[in-house]
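A.B. asks: pasted the sequence and its predicted model underneath.
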Amino acid sequence: MAQKLPDIHKKALAPIDMVRYSGASGDFNEIHTVPKVARSKGFKEPIAHGMLLMGWAADALDEWFPGRKLSKFTVRFVGMAHAGEAFIIEGMLTTDNAGELQIKDASGTGKLVGSFELA
Amino acid sequence: MNQEFHYAPFRVEAGKIREFALALGLRNPVYFNKEAALDAGYRDIPAPPTYTTVIDFWNELDFYQLFKAWGLDPNDILHGEQSFEYEKDIISGDVISAKSVLTDRFDKKDKRFYQIETTYRNQENEVVRIGRATLIERREQHGAEIAGHS
């Protein structure tokens, strides 16, 4: 029954993508954009907003299921995403209207795992 | 516990949806083009599935004030989990009110976890979305990076 969905390859994340998402979302937490603040908080460099990855995952659902609306969408942020990394979104349909997805970097390290139900 | 926070009512606008959709690289034309939105059965441009973040942050009474009211430093907060239930569409022109409730708080090792449930209602007082977030407060800044984003 489970049906694999086509992998979606994202181009490498650029620092400006995090700046742009900060402005668009209003989430100006400086660990996403200011290297000095990120380092002072124990990160080696700025980390991407979790909600930037969840937004990508929503875009993947739009590509996999054009014209379908969501009824539930749940994600867990399992790893930090940084500029310079490219990502793959993988998905699996487990029933007629529900499934799972994940975002990994090129080395296979997980960044986001989630589940969804279509309306 | 039992902490509540009310966001200011927020008007959803097509230009802000467009900016948000561009920042995420969304490709569905319904977020950019009213004709496409009408063709897809919406009455105007719809908000994308994660748009409630904009309501949380670009608001007169916003998430930063929630952090302050609850005694949190936003730069110490990571986002562990997020879920949404979609009850009705959020459409350009809607005015969305939101209320956050702290539903649980617990400590695990050097981290404090906050579970926050936010209910979003439109101008008709209909529930449009329910968001549930797990936020992680890092109380020890010198360790290795932990799982979770902000």
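C.D. replies: Received it, and whenever you're ready, just let me know what you need.

A.B. asks: B:Glu81 in helix, strand or coil?
C.D. replies: Under the three-state scheme (DSSP: H, G, I helix; E, B strand; the rest coil), B:Glu81 adopts strand.

A.B. asks: residues in contact with it?
C.D. replies: Taking CB atoms under 8 Å, 6 or more residues apart in numbering or on different chains, we find B:Glu81 in contact with A:74-77, B:132-134. For every residue, glycine as well, the C-beta is placed using N, CA and C.

A.B. asks: most surrounded residue in those?
C.D. replies: Ranked by the number of neighbours (other CB atoms under 10 Å in any protein chain shown), the contacts of B:Glu81 place A:Phe77 first, at 30 neighbours.

A.B. asks: and the pLDDT at it?
C.D. replies: Per-residue confidence (pLDDT) for A:Phe77: 98.

A.B. asks: quick one, what contacts the closest residue in space to A:Arg68 that isn't next to it in sequence?
C.D. replies: Nearest non-adjacent residue to A:Arg68, counting by CB to CB, 6 or more residues apart in numbering or on different chains: A:Leu118, 4.8 Å away. Contacts for A:Leu118 (CB under 8 Å, 6+ apart) come out as A:65, A:68-71, A:97-98.

A.B. asks: residue closest to the middle of chain B?
C.D. replies: The centroid of chain B falls nearest to B:Thr53 when counting by CA atoms, centre = their mean (3.1 Å).

A.B. asks: is the strand or helix carrying that one in proximity to chain A?
C.D. replies: Assigned by DSSP states H and E, B:Thr53 belongs to helix B:52-57. Yes: interface with chain A: helix B:52-57 contributes B:53-54, B:56-57 (CB under 8 Å from any CB of the partner chain).
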